[in-house]
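*Asks:* Here is a sequence together with a model predicted from it:
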Amino acid sequence: MAVVSGTVHSVSTIERYGGSVSNLQIAEVLFTVSGTYAQADDGILEDVDDLIAASRRNGKTITLVDAMPGHPATKSSDPSAILGLEAVSVSSADVVFTITNGDYTTEFADATAVPAQERPFAVLVAFTEA
């Protein structure tokens, strides 16, 4: 099976120190996922460095440092049901993740279509720019 890929809805820098304390900054990336989930593969958001750079529009080069889950997604069919993320990490310019059911610990069922999301997933990505 193929790795499920995210479709990005927005990228916002939510924390930046401007070099006064640290060069580390944090962006929130909102995205949805579609397709059939394969537990043997990670989900992926590709070229997150370019997405952050495009949102900032300052011509600087972005280097990803780390990533973590933000808020969960909610299912379109039942907005009270959530889908979480775990094992969120940076792989070069990409962010990889696994999808969980509402308990945040049970991985989403293998070979199952990921339901449409009403509220997108969020990841928080730490980065530097130069």
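*Replies:* Here it is on my side, so go on.

*Asks:* Run the chain-centre distance for stretch 122-130.
*Replies:* 11 Å (Cα atoms, centre = their mean, to the nearest Å).

*Asks:* Name the residues of that stretch that are buried.
*Replies:* By 16 or more other Cβ atoms under 10 Å, the buried positions in stretch 122-130 come out as 122-127, 129. For the C-beta atoms, the positions are set from N, CA and C on the backbone; glycine is no exception.

*Asks:* Lowest pLDDT pick from the residues you listed?
*Replies:* Ranked by pLDDT, the buried residues of stretch 122-130 bottom out at E129, which scores 90.

*Asks:* Return the residues in contact with that residue.
*Replies:* Counting by Cβ atoms under 8 Å, 6 or more residues apart in numbering, E129 touches 23, 25, 53, 56, 58, 60-63.

*Asks:* try it again with 10 Å
*Replies:* 13, 16, 23, 25, 49, 52-53, 56, 58-63 (Cβ atoms under 10 Å, 6 or more residues apart in numbering).

*Asks:* who does it bridge with?
*Replies:* Beta-bridge pairing of E129 under DSSP bridges involves I62.

*Asks:* got it, and P69?
*Replies:* V123.

*Asks:* Do you know the pLDDT at it?
*Replies:* 95.

*Asks:* Contacts only, for it.
*Replies:* Neighbours of P69 in contact, by Cβ under 10 Å, 6+ apart: 84-88, 97, 100, 104, 121-124.

*Asks:* Just the closest of the buried residues of stretch 122-130 to V4, please.
*Replies:* V123 (14.2 Å; Cβ to Cβ).
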